[in-house]
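[1] quick one, what's the 3D model for this:
(one chain, ligands or ions: 2)
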Amino acid sequence: MRSTLPAHLSIVTTCVAGALLACSAPPHEPGATPDPEVDPLSLLEAKDQNPDPHVFETTLDARVEELEVLPGTTTPVWTYDGGLPGPLIRVAQGDRLIVHFTNHLPEATTIHWHGLRIPNDMDGVPGETQPEVEPGGAFTYDFVVPDAGTYWYHPHVNAAAQAGFGLYGPIVVTDPAEPPGLGKERVLVLSDMTLEDDGTPVDPASVQGGGDFAALFGREGSPLLVNGKVNPVLSARSGERLRFRLINAARSRYFNLGIDGQMLTRIGSDDGLLARPESLATVLVASAQRADIVLDLAQPPSTEQVVSWVAYDRGFGSHEFRKPENLFTIRTTDDAPVTPPPLPALERDIQPLDVSAATPQSLSLTQNNEADAIVLGINGVPGSRAEPVMAMLGETQVWTLTNTIDWDHPFHLHGFFFQVLEVNGVAPSVLEWRDTVNVPVEGTVRIAVQFDERPGMWMFHCHILDHAELGMMGMVHLHASP
Ligand code: C2O
Ligand code: CU
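    Residues are numbered from 1 along each chain as shown. Ligands and ions are numbered 1, 2, ... in the order given. From the prediction side, this is the model:
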């Protein structure tokens, strides 16, 4: 099987014996923000200001902050609370999350809580579920977090540009029943930015930003970032079990992650654990998707290896002649290797949705150029002019997503989990809940979704945010009666 996979990684192993004790990451208390001097992968962490153990109440301020992204330069980054990425929000399943949001950006914005099954009026879609939050304005998000898993938050106004300038942050919803022994957890937010050598961001709306053709391809920036850092070093002990919660927060870039000489156990994806773990050489994380992986670090003590970004073929021009790029480096301490205990059993009861009486919907992902503009759409119509897809509370639907154009589309439905029934006629090997599925070039994906009792207008769109802005979006009108 390995030979059919794209070459995914280059490895650089260097002996750095004896120099590394100071680099091992210290343990830190939950809720405390670790010292980035010591751990370059540390994330800002949201602080709970509410004494009730089941209410997590915090503030979040969107503002531009000068940060060092490219070493030796500064960049005006669009941030939540001054962080790139924004603060990690860590709550337990069933907790109530209250976020007092303020906007100090130069333009309007909102927050979308990607993947969370929350009430419609908390979903962050301007003009549909809430008004835009103007500069100087505020909005309080307040909802119960129903499902464990790895999620993220990002703006839903001018999203390709705003996320491209740095606006996104991670959410981890813990499952109190999860067995111990899954390893030392690292939340890794994967992204990119388009910066000039002096750190100046390239405005996608400028000529240099590439216009509609760059958007049609989907802008991939440079540098690559892991938790906002360029090629950070992750320090670990040989043999140690690590758990990576990967979040692809890039506007367009796909990450197909592999570590040479190392199998990865994928235990979860967009919306919590898989029905059962699976062992893989590489894990594809398309834009907006998440992957929860566990690995027992098969790397000798006192070595370094570079984990590379390797081009995934997501369509025309996306992988030809593209070299691997450094993503992050794993450096092992000189401690003798440890042998972790067997992985705990991780079965999750996911029943296949009953689709025998499901309402079919056909959504063709299309390109229809108009006058001088490139227009993407669904069934030939851009989102701005489309009629909503109708659905009734409690109804199960099967959507057939057909990609008629030359690039993959990571298709995202707000507010609901779905099951992938087939990709090009083939059922996935393991049952899982997703909110974003990759629809390959000229391919067909069938998904099943059961709408619940949360009426409203729910958005769906391609999560190559440039494609969404060219029109590849639509709405589900979830309502009570026909
Ligand atoms: Cu990450 Cu409209 O979504
Ligand atoms: Cu797309």
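
[2] what pLDDT is listed against the nearest residue to P126 once chain neighbours are set aside?
    Distance criterion CB to CB, 6 or more residues apart in numbering; nearest residue to P126, sequence neighbours excluded, is E132 at 4.4 Å. To be clear about C-beta, it is placed using only N, CA and C from the backbone, and glycine gets the same treatment. pLDDT for E132: 98.

[3] how near is E132 to F143?
    According to CB to CB, to the nearest Å, E132 and F143 sit 19 Å apart.

[4] again with G199
    Here G199 is placed at a distance of 37 Å from F143 (CB to CB).

[5] and what of T102?
    Counting by CB to CB - T102 and F143 are separated by 18 Å.

[6] kindly report the same for G169.
    Counting by CB to CB, the gap from G169 to F143 is 16 Å.

[7] more neighbours: those two, which one.
    Comparing G169 with F143 by other CB atoms under 10 Å, the one with more neighbours is G169, at 27 against 17.

[8] ok, the closest residue to that one other than its chain neighbours - contacts?
    Leaving aside its sequence neighbours, G169 sits nearest to G86 (CB to CB, 6+ apart; 2.8 Å). Residues near G86 by CB atoms under 8 Å, 6 or more residues apart in numbering: L44, L60, T79, Y80, Y153, L167, Y168, G169, P170.

[9] in helices, which of the residues you listed appear?
    Residues of these located in helices (DSSP state H): none.

[10] give me the residue from the stretch 51-200 of the chain nearest ligand 1.
    Proximity of the stretch 51-200 of the chain to ligand 1 (CB to the nearest ligand atom) peaks at H114, 3.7 Å away.

[11] just give me the neighbour total for that residue.
    25.

[12] per-residue confidence at it?
    Predicted confidence (pLDDT) for H114: 98.

[13] who's it bridged to?
    On the basis of DSSP bridges, H114 is bridged to W152.

[14] now swap in V77 and tell me
    Assessed by DSSP bridges, V77 has beta-bridge partners E65.

[15] what pLDDT does it get?
    With respect to pLDDT, V77 scores 98.

[16] OK, contacts around S238?
    L297, Q299, P300, P301, T303, T332, T333, D335, A336, P337, V338.

[17] repeat for M193
    Each residue near M193 by CB under 8 Å, 6+ apart is listed here: V69, T75, G164, F165, G166, P201, G221, S222, P223, L225.

[18] nearest to ligand 2, out of the residues you listed: which one, please.
    Ligand 2 lies nearest to G164 out of these, by CB to the ion, at 15.4 Å.

[19] wait, the closest one sits on A205?
    No. Between G164 and A205 there is no contact under CB atoms under 8 Å: 10.8 Å.

[20] quick one: which of those two has more around it?
    Per other CB under 10 Å, whichever of G164 and A205 has more neighbours is G164, with 27 against 11.

[21] quick one: the residue nearest to the more buried one when sequence neighbours are not counted from N326, how far?
    Closest residue to G164 apart from its sequence neighbours, by CB to CB, 6+ apart: R251 at 5.0 Å. Per CB to CB, R251 is found 20 Å from N326.

[22] which one's more surrounded, these two?
    Taking neighbours as other CB under 10 Å, R251 and N326 compare with R251 leading, 32 against 16.

[23] if I pick the more buried one, what's in contact with it?
    A160, A163, G164, D192, G218, R219, E220, G221, S287, I464, L465, D466.

[24] give me the subset of those that lies in helices.
    A160, A163, G164, L465, D466.

[25] thought the first one was touching A214?
    No. Using CB under 8 Å, A160 is not in contact with A214, being 10.3 Å away.

[26] which neighbours do those two share?
    Common neighbours of A160 and A214 (criterion: CB under 8 Å, 6+ apart): P204, D466.

[27] nearest to T404, of the contacts of G86?
    Y168 (29.5 Å; CB to CB).

[28] can you report how many residues lie near E453?
    If you count neighbours by other CB under 10 Å, E453 ends up with 8.

[29] if I pick the nearest residue to it once chain neighbours are set aside, what's in contact with it?
    Leaving out its chain neighbours, the residue that sits closest to E453 by CB to CB, 6+ apart is L393, at 5.3 Å. By CB under 8 Å, 6+ apart, the contact list for L393 reads F451, D452, E453, P455, L478, H479, A480.

[30] would you show me how to pick out the buried ones of those in PyMOL?
    Entered in PyMOL, the line below selects the buried ones among the contacts of L393, by 16 or more other CB atoms under 10 Å:
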select buried, resi 451+455+478+479
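
[31] let me have the contacts of L393 in TSV, extended by secondary structure and distance to ligand 1.
    Formatted as TSV, these follow (DSSP: H, G, I helix; E, B strand; the rest coil; distance: CB to the nearest ligand atom, whole Å):
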residue	secondary structure	distance to ligand 1
F451	coil	17
D452	coil	19
E453	coil	21
P455	coil	18
L478	strand	16
H479	strand	20
A480	coil	24
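
[32] mind putting the contacts of L393 into JSON lines with pLDDT?
    JSON lines is the format used below for the contacts of L393 (pLDDT from 0 to 100):
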{"residue": "F451", "pLDDT": "98"}
{"residue": "D452", "pLDDT": "97"}
{"residue": "E453", "pLDDT": "96"}
{"residue": "P455", "pLDDT": "98"}
{"residue": "L478", "pLDDT": "98"}
{"residue": "H479", "pLDDT": "97"}
{"residue": "A480", "pLDDT": "94"}
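
[33] quick one, what contacts whichever residue of the stretch 201-350 of the chain sits closest to ligand 2?
    Nearest residue of the stretch 201-350 of the chain to ligand 2: G218, at 6.8 Å (CB to the ion). Counting by CB under 8 Å, 6+ apart, G218 touches R251, S252, R253, S287, R314, W407, I464, D466, H467.

[34] can you read off the pLDDT for the second one?
    I take that to be S252. On the pLDDT scale, S252 is placed at 96.

[35] same check on the one 10 residues further on?
    Among the per-residue scores, Q262 holds a pLDDT of 94.

[36] do the same with T33
    If you check T33, the pLDDT there is 53.

[37] just G86 next, same as before
    In this model, G86 is scored at 98, pLDDT.

[38] separation between it and I118?
    Computed as CB to CB, the G86 to I118 distance reads 18 Å.

[39] so where's the stretch 351-482 of the chain uncertain?
    Scanning the stretch 351-482 of the chain for pLDDT under 70 picks out the ranges 482.

[40] quick one, helices of it?
    Remark: helices assigned in the stretch 351-482 of the chain by DSSP state H, counting those that start in this stretch are 465-469.

[41] and the strands in it, which stretches?
    Ranges of strands in the stretch 351-482 of the chain, per DSSP state E, counting those that start in this stretch, are 359-367, 376-378, 389-392, 396-403, 409-413, 418-423, 436-439, 444-450, 456-462, 473-479.

[42] so how far is stretch 419-431 from its chain's centroid?
    Centroid separation for stretch 419-431 versus its chain: 21 Å, with CA atoms, centre = their mean, to the nearest Å.

[43] sorry, slip of the keys, the one I care about is stretch 178-193.
    For stretch 178-193 - counting by CA atoms, centre = their mean - the centre lies 12 Å from the chain centre.

[44] what about it, start to end distance?
    With CA to CA, to the nearest Å as the measure, the ends of stretch 178-193 fall 35 Å from one another.

[45] can it be said to contact ligand 1?
    No. For a cut-off given as CB under 6 Å from any ligand atom, stretch 178-193 has no contacts with ligand 1; the smallest distance is 12.9 Å.
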